[in-house]
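Undergrad: Let me see the structure of the following:
(chains A and B)
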Amino acid sequence: MILKHHQREVSVAIAITVLTGILAIAAPGYFARANLSDLFLANIPVMVVALGMTLVILTGQIDISVGSIFAICGVAAGVLAKTGLPVPAAALAGCIVGAGLGAINGALVAYVRIPSIVVTLAAMVALRDALRWQTQGGWVQDLPSDFQWFGLTQTAYPFVTFFVVVVLVFAFSWVLRNAGMGRMVYATGSNAEGARLAGIDTSLVTLSVFVITGTLTGFAAVLNSVRFNQIPSNTGLGLEMKVIAAVIVGGAAIAGGVGTIAGTVLGVILLSVIGPALTFLGVSAYWERAIQGGIILAAIIIDAARVRSEKHAGSRA
Amino acid sequence: MSKPNTLLLEAKSISKAFAGVQALKSASFDLIEGEVHALVGENGAGKSTLIKIMTGAVNADSGTFFVSGRAVPHNDPGIARALGIAAIYQQPALFPHLTVAENIALALETGSGWRKVTWKRRYQRAAELLGRIGASIDPERLVSSLSMPEQQLVEIAKAIGAEARILIMDEPTASLTDREVETLFSVIGLLRSRGVGIIYISHRLEEISAIADRITVLRDGETIGTKRKGEVDRQQLIRMIVGRELAAVFPKRKVTFGNIVLELRNVGNHARGLHDISLSVRSGEILGLSGLVGAGRTELAETIFGLTPADSGEVMLRGVPVRVSSPADAIQSGIGYLPEDRRQHGVILNMPVSANTSLAALKAVSRTGLIDAVEERHLAERYVTQLSIKTPSVYADLETLSGGNQQKVALARWLTVNPSVLILDEPTQGVDVGSKSEIHSIMIDLAERGVAIIMISSELPEILGMSDRIAVMYEGSIVRVLSREEATQQNILSLALGHK
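TA: Down below sits the predicted model:
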């Protein structure tokens, strides 16, 4: 039962174990604390945004505008912090901007009924170029001193964010599994019309997952921007692809209704450890993307093979 | 029937097992030129497997399959087609975004992918084939714009074009109105007179006695018997199908009515073509809603349920005017709706029995927004027992259950919210005879508990057998409400056809 329903999580976990096992033998330096800390900090945005993306994909939608939203939210938080706004308020503002942009996406998908790929493709391009035009490509610099590391020390920050991310992961996983809201997300993604006829407000569910994703993207942008003393306006390029890849590798079905937070977390870990692992193993880092692509393809092929064998076994009169 | 009685097809002692389940046990079947041979049995009796063996979708484990006297040791869809076997399923398998002519051509034209298409000939051929079965459908129309019966006619035209001598029809009338069934039957008559053998599968026994020359009953994978038309009556046939005596065909009992629960006063819904509908249902009453497909029965149900809210008139629940503008509102007010299309709308196939049962009553099994898994399991188990739903466990995904059991789960979902009004849209469509009578019993139980039931059905015997009153719809309004005593097949039909 566990194996049947959590096959993907198990196989991704095995892949991670094998990979880290090889690293432990071939390149023990990989596990140096500084490297792990860097690895973690660099992948926080992917992890946080992937939580929201899991919900979006579970409802059968997609959001490819998260990279652009990420850039806008980071810049917005930085600019506001420079105006003298207290750092927590600026951080909150970053999240609110994300929520607002997510709400626009969500409303267009849920109520105007435009396919999410179209809406968020338009948003991705429009938001990115709006930001470029507004900032003239410039970076946000001269940030107030308490903006960096949220005023924490550089060693304390990773621990604090680790704690926050862990809490977020468990909260999302728990709510998705145990709360009525989670059930509504799965039902909407499995069969939207069927869910609507069972009295579920599927439009509201769809709007909500986009708002949640926007908010998380804003939060991720804030967590990321405090790591540096300037905020580039072209940040977050390609974030959407890494996030979507992690969710899919984690076992979520692109058609909706199937997937778990645990799978997504494992997907993020697998895709995150690979990049630097290559450097440590003496392989050119240019292979990273190709290998990520290969993993995604493998995940999809395994899925297709499994669906086919299940169909075969289940084709009774 | 033609005189020589040439044997078109013969299946001898066919056995087939899937993953350890014996679907067919030495079943036999044959088909003579120019006859309609009905194949009946409960869901899971092995009809689909037998059909799959004939169409080459699967091969038998043992037994022999003959076509025109020649044994076919290995069958596949290509061979079956070459042998003149064609099948038409309940849901036509056409390409919706292509035209009628293209759909027909795809099945019939051969040649390389680079051949030049002669559009004029393509259209002519489609028109000619459609003409042969007396169908007036423009070959240039897109299939997505065709009605269900029109799509079936296109399927039949395809089969004729492929020179099919053996035509398998699987539940062809499931989504047709009585008038459309007549058209289909006249096409079947035409094919029969040309010597085509037709294997006809249906759950509707009235239809079978009307159209079939012979009837073969399958039960648990075995051939129970083959009877000529007129050799068996309805009761005997049911006994053969279920292997036991059904208490009564319709287990209707007298229920004392309570107050009026739901009342519609001049309700209209312009967008859905409904106008001036006045109707009332009492507690404990079963109101049958009859009419042709397209008369507005489902539209009325969806209006009451708030899917497409009414734009004029008044809806009263227990004498109080209410506004139902979404399904959530309707459920809140105690209205449940079992939709017509079970697989698409009634249940969520890749969710387990438990989650399907609790979906409309998430609040009832939740505490402060969190689902109580134990409570949910108890709820599901209670209904599994109460409705005798056959499932290995409440955690089995719904797609693994048979159609009748899926429908019972869909029904259970509405019982969890304790509705005061329950709208059932074709509750027994595509459900086997055994489950059908169980669903009817559940309906009576609900009525006895004071639920007001509105039942939409295209099956006149079901309407007549189950309803206390019958409202007949025609072109978006209710033409008349008949009492159980005054209703007959004839007067319902003539009202449904617009004769007052």
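Undergrad: hmm, who's touching stretch A:292-302?
TA: For stretch A:292-302, contacts defined as Cβ atoms under 8 Å, 6 or more residues apart in numbering or on different chains pick out A:R8, A:S11, A:A15, A:K242, A:A245, A:I248, A:V249, A:G251, A:L270, A:L271, A:I274. C-beta here means a position set from N, CA and C on the backbone, and glycine is covered the same way.
Undergrad: Now tabulate the residues you listed in JSON lines and tack on secondary structure.
TA: Formatted as JSON lines, the contacts of stretch A:292-302 follow (DSSP: H, G, I helix; E, B strand; the rest coil):
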{"residue": "A:R8", "secondary structure": "helix"}
{"residue": "A:S11", "secondary structure": "helix"}
{"residue": "A:A15", "secondary structure": "helix"}
{"residue": "A:K242", "secondary structure": "helix"}
{"residue": "A:A245", "secondary structure": "helix"}
{"residue": "A:I248", "secondary structure": "helix"}
{"residue": "A:V249", "secondary structure": "helix"}
{"residue": "A:G251", "secondary structure": "coil"}
{"residue": "A:L270", "secondary structure": "helix"}
{"residue": "A:L271", "secondary structure": "helix"}
{"residue": "A:I274", "secondary structure": "helix"}
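Undergrad: what's the closest of the residues you listed to chain B?
TA: A:G251 (13.9 Å; Cβ to the nearest Cβ).
Undergrad: show me what contacts the nearest residue to the closest one once chain neighbours are set aside?
TA: With sequence-adjacent residues excluded and distances taken as Cβ to Cβ, 6 or more residues apart in numbering or on different chains, A:G251 is closest to A:R8, at 3.1 Å. In this structure, A:R8 makes contact with A:G250, A:G251, A:G263, A:A299, A:D303, judged by Cβ under 8 Å, 6+ apart.
Undergrad: Can I take it that the third one is in a strand?
TA: Translated: A:G263. No. Looking at A:G263 with three-state DSSP, it is helix, so not inside a strand.
Undergrad: my read: it touches A:S11, true?
TA: No. Counting by Cβ atoms under 8 Å, A:G263 stays clear of A:S11, with 10.1 Å between them.
Undergrad: tell me which parts of the stretch 51-200 of chain B are close to chain A?
TA: Neighbours of chain A within the stretch 51-200 of chain B, by Cβ under 8 Å from any Cβ of the partner chain: B:K52, B:V58.
Undergrad: Now do the helices in the stretch 51-200 of chain B.
TA: Assigned by DSSP state H, counting those that start in this stretch, the stretch 51-200 of chain B shows helices spanning B:77-82, B:100-108, B:119-132, B:148-161, B:178-193.
Undergrad: Out of those, the one nearest A:I212 is which?
TA: A:I212 lies closest to helix B:148-161 among these, at 40.7 Å (Cβ to Cβ).
Undergrad: Show me what the closest one is packed against.
TA: If you count contacts as 3 or more Cβ pairs under 8 Å, 6 or more residues apart in numbering or on different chains; DSSP states H and E, helix B:148-161 packs onto strand B:85-88, helix B:100-108, helix B:119-132, helix B:178-193.
Undergrad: any chance of those in JSON lines, with distance to B:K47 and mean neighbour count too?
TA: JSON lines is the format used below for the helices and strands packed on helix B:148-161 (distance: least, Cβ to Cβ, whole Å; neighbours: other Cβ atoms under 10 Å in any protein chain shown):
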{"stretch": "strand B:85-88", "distance to B:K47": "12", "mean neighbour count": "24"}
{"stretch": "helix B:100-108", "distance to B:K47": "24", "mean neighbour count": "21"}
{"stretch": "helix B:119-132", "distance to B:K47": "28", "mean neighbour count": "17"}
{"stretch": "helix B:178-193", "distance to B:K47": "18", "mean neighbour count": "17"}
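Undergrad: Would you mind giving the ones you listed as a markdown table with mean pLDDT added?
TA: Formatted as a markdown table, these follow (pLDDT from 0 to 100):
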| stretch | mean pLDDT |
| --- | --- |
| strand B:85-88 | 90 |
| helix B:100-108 | 86 |
| helix B:119-132 | 88 |
| helix B:178-193 | 86 |
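Undergrad: B:L24 is nearest to which of the ones you listed?
TA: strand B:85-88 (17.2 Å).
Undergrad: Could you list every helix and strand that the closest one packs against?
TA: Looks like strand B:85-88 contacts helix B:47-55, helix B:148-161, strand B:166-170 (3+ Cβ pairs under 8 Å, 6+ apart).
Undergrad: Outside of the first one itself, list whatever touches it.
TA: If I follow you right, that is helix B:47-55. A:316-317, B:9, B:11, B:14, B:16, B:18, B:23-24, B:27, B:29, B:39-41, B:58-60, B:65, B:75, B:77, B:80, B:85, B:87, B:166, B:168, B:170, B:199, B:201, B:218, B:221.
Undergrad: mind listing the helices for chain A?
TA: Under the criterion DSSP state H, chain A contains helices at A:2-5, A:7-26, A:33-58, A:66-82, A:87-110, A:116-135, A:156-178, A:180-190, A:192-197, A:202-225, A:239-249, A:261-280, A:288-314.
Undergrad: now, the most widely separated pair of the contacts of stretch A:292-302?
TA: Maximum distance among the contacts of stretch A:292-302 (Cβ to Cβ): 20.1 Å, for A:S11 and A:K242.
Undergrad: Which of these two has more residues huddled nearby?
TA: Per other Cβ atoms under 10 Å in any protein chain shown, whichever of A:S11 and A:K242 has more neighbours is A:K242, with 22 against 16.
Undergrad: List the single closest residue to the more buried one in space, sequence neighbours excluded.
TA: A:V46 (5.3 Å).
Undergrad: dump the residue contacts of that neighbour.
TA: Taking Cβ under 8 Å, 6+ apart, one finds A:L239, A:K242, A:V243, A:A246, A:V268, A:L271, A:S272 in contact with A:V46.
Undergrad: and if we set it to 7 Å?
TA: A:L239, A:K242, A:V243, A:A246, A:V268, A:S272 (Cβ atoms under 7 Å, 6 or more residues apart in numbering or on different chains).
Undergrad: Got the confidence number for it?
TA: Model confidence at A:V46, given as pLDDT, is 96.
Undergrad: again with A:Q154
TA: Confidence score, pLDDT, at A:Q154: 78.
Undergrad: ditto for B:A60
TA: pLDDT at B:A60 comes out at 90.
Undergrad: ok, and the closest non-adjacent residue to it?
TA: B:I14 (4.7 Å).
Undergrad: what about that neighbour, which SS state?
TA: strand.
Undergrad: Let me know the distance separating the nearest residue to B:Y383 once chain neighbours are set aside from A:W287.
TA: Nearest in space to B:Y383, with sequence neighbours left out and distances taken as Cβ to Cβ, 6+ apart, is B:A412 at 3.8 Å. Look at B:A412 and A:W287: by Cβ to Cβ, to the nearest Å, they are 54 Å apart.
Undergrad: try B:G284
TA: 73 Å.
Undergrad: pLDDT below threshold where in the chain?
TA: Just going to use chain A. Along chain A, the parts satisfying pLDDT under 70 run over A:1-5, A:306-307, A:309-317.
Undergrad: right idea, wrong chain: chain B
TA: For chain B, the ranges with pLDDT under 70 are B:1-4, B:19-21, B:43-44, B:111, B:175, B:244-249, B:499-500.
Undergrad: next one: phi and psi at B:I453?
TA: Dihedral pair for B:I453: phi -120, psi 130, per degrees, to the nearest 10.
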